[in-house]
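Q: no sequence on this one, just coordinates:
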């Protein structure tokens, strides 16, 4: 049984916190816990084995901060060795409990988290540097053979997207993603649940959800939204309440029984995967497993949301009315000159003018110019609108879609759907939404035929939309 089969058949349980437990074993302030994968392997293995014994189906590797950007001077060991040891330790913990006769499904999730830097323009980390970092990190882990990847505690949807792109490029195993929201239901960079679902599900995350930052009480409104919008399994791993400081130490006040009562309600709401984060212990997970023992696994349904999004704005093209600005195209003499001169400022100026005119979606068409990726990166630093991209070169289109901070609309014509499967696969791989501009939604026969062509490329019905009265151009 793989982890996705497990999720279909039962409520599936993650483990709980690691850091606070290691502090009880002597982890000092500022000390990198990842080094313990090698230096104090037995402690790590014992903690993880106890989580399996408590009823966890998925144990997360002790690799939260192990990436090439964040894990620089923290220790004495090579990053590759630390990462591989983290996977091997969790696998050893599984081997121990299964030798004891524990027959529950057990999986090892390689833990990937943030670099500690923001991607340009909000920070100084380039898109390409971030992608390289996550590819290196995940590549080392895959050599040790985890069962899945969990990208967790992400506070920037753009960084979460880059990590997911790296994982999907390299891995043939499931990839889960959870983000950390504040008490206003937003990520650090402003995204809400709808944008998170649009971007991560569009890119092919196998499960999405929320972890850390908040306790179960504070998470409840966001949990309801995830269940409402996500068509893939939803994960909820809360803290044991809100942290408080006492004598320089962090404490969490939600007891195992209270935690289990609250989080089991999420399973009843339709959450497929539950566990704990900061402040939770083996006792929290044991109580949670007990509280969920008579709850059936959620029945997943396709919510039918044809989302496009920027980091902070989202539209469902099945229901929302939108206006698309089309001034950025080579037929505009000013834009043609900007393409020839590679004048990125001109694109920014035009996009900002459209945003000021209440345009919902900004169309970007630079012909087949290789500056498309640079235009996307530059413009999205200045406007909050989603994009519609026109490009018939699959390589350039892939580069553009990968660096969109959100989920873009891709304008194609019916002949492209029929004759250019490579374009459809590019949209599938990089998480776009196809807009067929020359076929009306009411033309049932053409819509059906083109939807079947898209399906051959792995796209779903909700991944392709057609011209209709709700979509206007300016």
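A: In hand now; what should we look at? Worth saying up front: this structure is predicted, and the values here are computed from it rather than measured.
Q: In a strand, residue 71, correct?
A: No. Secondary structure assignment (DSSP: H, G, I helix; E, B strand; the rest coil) places residue 71 in coil, not in a strand.
Q: Provide the count of other residues in contact range of it.
A: Other residues lying near residue 71 total 23 when counted by other CB atoms under 10 Å. In this view, the C-beta of every residue, glycine as well, is placed from N, C-alpha and C.
Q: what does residue 4 give?
A: Neighbourhood size, residue 4 [other CB under 10 Å]: 17.
Q: Can you point out the buried residues in the helix or strand containing it?
A: Per DSSP states H and E: residue 4 is located in helix 3-9. Residues of helix 3-9 classed as buried by neighbour count (16 or more other CB atoms under 10 Å): 3-4, 6-7.
Q: Out of those residues, which comes closest to residue 47?
A: When those are ranked by distance to residue 47 (CB to CB), residue 3 comes first, at 20.7 Å.
Q: Not counting sequence-adjacent ones, nearest residue to that closest one?
A: Counting by CB to CB, 6 or more residues apart in numbering, residue 107 is the residue found nearest to residue 3 once chain neighbours are left out, at 4.7 Å.
Q: coming back round to it: got TSV for the buried residues of helix 3-9, with pLDDT and distance to residue 270 too?
A: Output for those, formatted as TSV (pLDDT from 0 to 100; distance: CB to CB, whole Å):
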residue	pLDDT	distance to residue 270
3	98	18
4	97	17
6	97	17
7	97	12
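Q: ok so, going back, phi, psi of the residue nearest to residue 3?
A: Dihedral angles of residue 107 (phi, psi; degrees, to the nearest 10) stand at phi -140, psi 150.
Q: can you put the buried residues of helix 3-9 in TSV and add distance to residue 464?
A: Formatted as TSV, these follow (distance: CB to CB, whole Å):
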residue	distance to residue 464
3	29
4	25
6	31
7	27
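Q: Out of these, flag the one nearest to residue 66.
A: Using CB to CB, residue 3 is the member of the buried residues of helix 3-9 that lies nearest residue 66, at 21.4 Å.
Q: which ones are touching that closest one?
A: 12, 57-58, 105, 107, 147-148, 174 (CB atoms under 8 Å, 6 or more residues apart in numbering).
Q: Okay, and which of those residues map to strands?
A: Under the assignment DSSP state E, the contacts of residue 3 contribute 12, 58, 107, 148 to strands.
Q: what bridges to the residue nearest to residue 3?
A: Counting by DSSP bridges, residue 107 forms beta bridges with residue 58.
Q: Settle this for me: it is touching residue 57, isn't it.
A: Yes. Using CB atoms under 8 Å as the test, residue 107 is close enough to residue 57 to be in contact (6.2 Å).
Q: Check the contact lists of these two and give me the overlap.
A: With contacts taken as CB under 8 Å, 6+ apart, the residues that reach both residue 107 and residue 57 are 3, 6.
Q: How many residues are close by the residue nearest to residue 3?
A: Around residue 107 there are 23 residues (other CB under 10 Å).
Q: so who does it touch?
A: By CB under 8 Å, 6+ apart, the contact list for residue 107 reads 3, 6, 57-59, 147-148.
Q: Weed out the non-buried ones from the residues you listed.
A: 3, 6, 57-59, 147-148.
Q: I'd like the residues you listed written out as a markdown table, with distance to residue 44 added.
A: Shown next, in a markdown table, are the buried ones among the contacts of residue 107 (distance: CB to CB, whole Å):
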| residue | distance to residue 44 |
| --- | --- |
| 3 | 21 |
| 6 | 24 |
| 57 | 19 |
| 58 | 16 |
| 59 | 10 |
| 147 | 18 |
| 148 | 19 |
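Q: Stretch 262-276 - what's its average pLDDT?
A: Average pLDDT, stretch 262-276: 98.
Q: Go ahead and measure how far that stretch is from the middle of the chain.
A: Offset of stretch 262-276 from its chain centre (CA atoms, centre = their mean, to the nearest Å): 19 Å.
Q: And stretch 229-245, by the same measure?
A: Relative to the centre of its chain, stretch 229-245 is centred 14 Å away, using CA atoms, centre = their mean.
Q: Okay, residue 450 and residue 264: tell me how far apart.
A: Using CB to CB, to the nearest Å, residue 450 is found at 44 Å from residue 264.
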